[in-house]
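Participant: I need the structure of the sequence given here:
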Amino acid sequence: MFTGISMFTTAVRQAFKMTPNVVFVLGGPGAGKGTQCQKIVEHFGYVHLSAGDLLREERNKPGSQYGELIETYIKEGKIVPVEITCSLLERAIEESGKKNFLVDGFPRNQNNLDGWNKVMADKVNLQFVLFFDCPLEICTARILKRGATSGRVDDNIESLKKRFNTYSTETKPIIEHYAKQNLVKTIDATRPAEEVYKEVESLFRKGAGDK
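Facilitator: Take a look at the predicted model:
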């Protein structure tokens, strides 16, 4: 009897489980995605999930089966296999127990998109894609300045060239894909962070995050 009640309670909880809301955050290296995500988290209560940070954390875990592979991909400025990234994102979403998420730096190519659609698309509500538009020259200056103190293995001119090439050839088509679905909100990211956030804040306050 008690087992039956327990099973029923579990089923009810699952039936009323909230579908997570997701906003993809895309833009070139140095466009300011992380900075703006921190502000959105502070003012709107979203959980910030950086695909890059999750991969770096997994890489640094003692005994991780993916650590060496992730390290190689990051150093080369290449995109880590989607199965690994989706697995880390899904785990982070489930473990947080929250409803609203910023997924930063993903999906970055067609393989990412296909993997996400296969594994996660039916499990979440994609609200929109927040695209920080910033030219190569400005992004390069920002990255090299950050590289002086960040300690990141990819914050150098050699890795940066590879990352920009990956962004131009593989990530931009994903942004264009979502733009055709009228899901992209474009932000001019060339301005100082405070000015950029004013536009971001206005976007969220108008309810873009509730669609």
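Participant: Any idea which residue is closest to the centre of this structure?
Facilitator: D104 (1.9 Å; C-alpha atoms, centre = their mean).
Participant: Just read off the phi/psi values of it.
Facilitator: Backbone torsions for D104, taken as degrees, to the nearest 10, come to phi -90, psi 120.
Participant: okay, now N109: neighbour count?
Facilitator: 19 (other C-beta atoms under 10 Å). The C-beta positions use only the backbone N, C-alpha and C, and glycine is treated the same way.
Participant: so it touches I174, yeah?
Facilitator: Yes: between N109 and I174 there is a contact under C-beta atoms under 8 Å: 6.7 Å.
Participant: quick one on the thing from earlier: the residue nearest to the centre of the chain and L136, how far apart?
Facilitator: Distance check for D104 against L136: by C-beta to C-beta, to the nearest Å, it reads 20 Å.
Participant: Dump the top strand by length along the chain to PDB, restricted to CA.
Facilitator: The residue-count maximum for a strand in the chain (DSSP state E) belongs to strand 125-133. In PDB, the C-alpha atoms belonging to strand 125-133 read as follows (Å, rounded to 0.1, in the frame of the first residue of the first chain):
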ATOM      1  CA  ASN A 125      11.300  25.400 -23.800                       C
ATOM      2  CA  LEU A 126      13.700  27.400 -26.000                       C
ATOM      3  CA  GLN A 127      12.700  31.100 -25.400                       C
ATOM      4  CA  PHE A 128      15.000  32.800 -27.800                       C
ATOM      5  CA  VAL A 129      18.700  33.300 -28.900                       C
ATOM      6  CA  LEU A 130      20.500  36.300 -27.400                       C
ATOM      7  CA  PHE A 131      23.200  37.200 -29.900                       C
ATOM      8  CA  PHE A 132      26.000  39.600 -29.000                       C
ATOM      9  CA  ASP A 133      27.300  41.100 -32.200                       C
END
